[in-house]
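Asker: sharing a model prediction with you, sequence too.
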Amino acid sequence: MSDDKSKLLCLAAAGFMAIGALSGCGKGKEQAVVALDEARLTISDARKAGATLSSPALRDAEAKLRDAEQSFKKGDYKLATTSASQASAAAASAKSEAGKQPAGTKAKKPQKKGTKPAKR
């Protein structure tokens, strides 16, 4: 298994364990807040990795996050948590896809403009 997949699986497992731990507390609103924050962070990470709206996974993640936010506003914290978890999973997939782009398209190489000129 590649390092990226291992990290992704660890992140997903940690998120699900955190959600599972909170579910026993009966604190639906707090659980939903945590899941929403996790989804926002995962979407942000996917964008930083190079995912764009041309990625179906990122579009799905953002749509599920909007659904989660709507459910939260309506007081349906269980559905908000579920939708936010789905958004996180989709964003993680978008991040993984962004990491598989052909060389030269996912990350820019550092420019040498900031280096000091050689002394004469």
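Answerer: Yep, that arrived.
Asker: looking at this structure, which helix or strand is least sure?
Answerer: helix 3-23 (a mean of 55; mean pLDDT, DSSP states H and E).
Asker: for the helix or strand following that helix, buried residues please.
Answerer: Using DSSP states H and E, the helix or strand that follows helix 3-23 towards the C-terminus is helix 28-48. Neighbour-count burial for helix 28-48 flags 28, 31-36, 38-40, 42-43, 45-47 (criterion: 16 or more other CB atoms under 10 Å). Placement of C-beta: from N, CA and C, glycine included.
Asker: was I right about residue 53 contacting residue 63?
Answerer: No. Contact criterion CB atoms under 8 Å: residue 53 and residue 63 do not qualify, at 11.0 Å.
Asker: more neighbours, the two?
Answerer: residue 63 (14 against 10; other CB atoms under 10 Å).
Asker: what residues sit buried inside stretch 48-66?
Answerer: So stretch 48-66, judged by 16+ other CB under 10 Å, has buried residues 49-51, 55, 57-58, 60-62, 64-65.
Asker: what does it rub up against?
Answerer: Here stretch 48-66 makes contact (CB atoms under 8 Å, 6 or more residues apart in numbering) with 36, 39-40, 42-43, 46-47, 83-84, 86-88, 90-91, 93-95, 97-99, 101, 105-107.
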